[in-house]
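Asks: Have a look at this fold, sequence not included:
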């Protein structure tokens with residue numbers, strides 16, 4: 001394993017594990033490594049947010065007594081959405097379709 005195939009030190013053990021699995025199973029170019037690193041960072045942020053929500057509870061009361069959702073709920077949701085986009089860009093599907101890879105169609109767009 002050369003230095004390009006070592007996971008970034010700032011990733012959690014889960015992020016490093018995913019990073020190593022993908023690097024081992026797929027041939028990646030430099031730009032793919034950057035996308036993979038960003039995806040692993042999303043995994044880590046989503047896990048941190050999930051831990052905070054579990055620790056603090058899903059809701060909190062404001063100083064005016066209003067019940068509000070924990071900010072970690074939105075962070076986790078956003079990181080999962082970004083993770084899905086990054087994984088789609090990496091195109092790691094092992095069951096490739098018969099036609100060449102293309103982006104999914106635009107929702108509500110005109111031809």
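Replies: Cool, got the structure. In this text, all values refer to a predicted model and were calculated from it rather than measured experimentally.
Asks: if I pick the closest residue to residue 75 other than its chain neighbours, what's in contact with it?
Replies: Distance criterion Cβ to Cβ, 6 or more residues apart in numbering; nearest residue to residue 75, sequence neighbours excluded, is residue 49 at 4.0 Å. All C-beta spots, glycine's among them, are computed from the backbone N, C-alpha and C. Contacts for residue 49 (Cβ atoms under 8 Å, 6 or more residues apart in numbering) come out as 72, 73, 75, 76, 79.
Asks: after the longest helix that the chain contains, next one along is what?
Replies: For the chain, the helix reaching the highest residue count under DSSP state H is reported as helix 30-56. Using DSSP states H and E, the next helix or strand after helix 30-56 towards the C-terminus is strand 59-61.
Asks: Give me the sheet partners of the next helix-or-strand element following that following strand and which way each runs.
Replies: Under the assignment DSSP H and E, the closest C-terminal helix or strand after strand 59-61 is strand 67-69. Paired strands of strand 67-69, with direction, are strand 59-61 (antiparallel) (DSSP bridges).
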